[in-house]
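J.: Sequence first, then the predicted structure, then my questions.
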Amino acid sequence: METLRFQVPMEMEGERLDVCINEWIDTVSRSYLQKLIKEGNVTVNGKSVKPSLSLKTDDEVIVCLPEAVEPEIKAEDIPLDILYEDKDVLVVNKPKGMVVHPAAGHYEGTLVNALMYHCKGDLSGINGVMRPGIVHRIDRDTTGSLIVCKNDFAHQSIAAQLKEHSIKRVYKAIITGNFPDEEGTVNAPIGRHPTERKKMAINPNGREAITHYKILEPLKGYAYAQFQLETGRTHQIRVHMASKGHPLLGDTVYGSSKDPYHTNGQVLHAQTLGFIHPRSGEYIEVNAPLPQYFEELLVKLR
């Protein structure tokens, strides 16, 4: 059992207990934290409390985290939209709302659960039991192309290509506002946000991040844009566009807290994925069609 102690800073006064702990400990889900609180593994000033407790400045919060046990990840018969597949790799068109791999408190309904059923255990093991076959990821609410490796040989090859920035990755998105430049490049390092640990930010001490953009079509108060990634940092397109004053439509983390078109997250689609096949050396390029909700939005905004 790991014991963590926190003192509530002035700026967090009035916040819910579960929200604050989720800020301090970003490796577990909020639902899992709520379960820990209800089971008495969290105390405030020495007393067991409810997740909804409103905290006060200087309250002492003690969180007892049980020893991590690698859970058994179950294969689940979840339909997959497969864009390409052979004995080494497959490329799936990930739907909106699907998490790529399991995490603490969230072990079912992920892409990995579906892949385990489809591939019958033939997935690379380099990233451990929680992420079999996963060599890169896209956000839960981002749709589109994701490559999966069926063996360690393929995994090492694709991971090397990602490191060298040689994999072609083209995204489509709807961004807010009228973007003045038809095309350009954002070259700004990205790192963890200094105060909001679940967010990323432009950070001079962060890792190099380069995004090439092109406006495909101006829309009513928005723009239809294409992005090509030279690097692949967490939330890269979302952070870079927000830094330019044009966050993605529906991105309530980096943009407006309102979701006027009920998109349930950022309107972002990983359309094109191009890579050198690990075994044959051939160049493979796969394109995921725009999801229906994205097409319908374009019609509404024209």
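T.: Okay, I see it.

J.: Stretch 100-109: which residues count as buried?
T.: Residues 100-102, 104, 107 are the ones in stretch 100-109 that count as buried (16 or more other Cβ atoms under 10 Å). Every residue, glycine included, has its C-beta placed from N, CA and C.

J.: Return the distance of that stretch from the chain's centre.
T.: Taking Cα atoms, centre = their mean, to the nearest Å, the mean C-alpha location of stretch 100-109 is offset from the chain mean by 13 Å.

J.: Next: stretch 107-126.
T.: On the basis of Cα atoms, centre = their mean, stretch 107-126 sits 18 Å off its chain's mean C-alpha point.

J.: on that earlier part again, report the lowest-confidence entry in the buried residues of stretch 100-109.
T.: Across the buried residues of stretch 100-109, no position has a lower pLDDT than Ala104, which has 67.

J.: Remind me what the helix or strand harbouring Glu296 packs against, helices and strands.
T.: Taking DSSP states H and E as the definition, Glu296 sits inside helix 292-301. Judged by 3 or more Cβ pairs under 8 Å, 6 or more residues apart in numbering; DSSP states H and E, helix 292-301 is in contact with strand 168-176.

J.: Can you name the residues that contact Leu80?
T.: 92, 114-115, 118 (Cβ atoms under 8 Å, 6 or more residues apart in numbering).

J.: which of these lies closest to Lys199?
T.: Comparing those against Lys199 with Cβ to Cβ places Val92 closest, at 27.1 Å.

J.: got a list of what the closest one touches?
T.: 80-83, 111, 115, 145-146, 148.

J.: Now the buried members of the residues you listed.
T.: For these, buried by 16+ other Cβ under 10 Å: 80, 83, 111, 115, 145-146, 148.

J.: Which ones among these map onto helices?
T.: 111, 115 (DSSP state H).

J.: Could you save the buried ones among the contacts of Val92 as JSON lines and add columns showing pLDDT and distance to Ser243?
T.: JSON lines is the format used below for the buried ones among the contacts of Val92 (pLDDT from 0 to 100; distance: Cβ to Cβ, whole Å):
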{"residue": "Leu80", "pLDDT": "97", "distance to Ser243": "35"}
{"residue": "Leu83", "pLDDT": "98", "distance to Ser243": "31"}
{"residue": "Leu111", "pLDDT": "96", "distance to Ser243": "29"}
{"residue": "Leu115", "pLDDT": "96", "distance to Ser243": "34"}
{"residue": "Ser145", "pLDDT": "98", "distance to Ser243": "25"}
{"residue": "Leu146", "pLDDT": "98", "distance to Ser243": "25"}
{"residue": "Val148", "pLDDT": "97", "distance to Ser243": "31"}
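
J.: Among the buried ones among the contacts of Val92, find me the one that's closest to Lys47.
T.: Leu111 (40.7 Å).

J.: Is that closest one in contact with Pro102, as I believe?
T.: No: proximity of Leu111 to Pro102 does not meet the contact threshold set by Cβ atoms under 8 Å, at 9.6 Å.

J.: What are the buried residues along stretch 200-208?
T.: Result for stretch 200-208 [16+ other Cβ under 10 Å]: buried residues 200-203, 206.

J.: Oops, could you answer that again for stretch 135-155 instead?
T.: For stretch 135-155, the neighbour count (16+ other Cβ under 10 Å) marks 135-151, 154-155 as buried.

J.: any idea of the mean pLDDT for stretch 34-42?
T.: Here the average pLDDT along stretch 34-42 is 91.

J.: export it as CSV, just CAs?
T.: The C-alpha trace of stretch 34-42 is given here as CSV (Å, rounded to 0.1, in the frame of the first residue of the first chain):
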residue,chain,number,x,y,z
GLN,A,34,-14.2,7.6,-6.2
LYS,A,35,-14.1,3.9,-5.5
LEU,A,36,-11.0,4.3,-3.3
ILE,A,37,-12.7,7.2,-1.4
LYS,A,38,-15.9,5.1,-0.8
GLU,A,39,-13.8,2.2,0.5
GLY,A,40,-12.2,4.4,3.1
ASN,A,41,-8.7,4.6,1.4
VAL,A,42,-8.8,8.4,1.5
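
J.: next one: phi and psi at Val239?
T.: Dihedral pair for Val239: phi -70, psi -40, per degrees, to the nearest 10.

J.: What helix or strand is the closest residue to Asn287 other than its chain neighbours located in?
T.: For Asn287, ignoring the flanking residues on the chain, the nearest one in space by Cβ to Cβ, 6 or more residues apart in numbering is Thr272 at 5.3 Å. Here Thr272, judged by DSSP H and E, is contained in strand 268-276.
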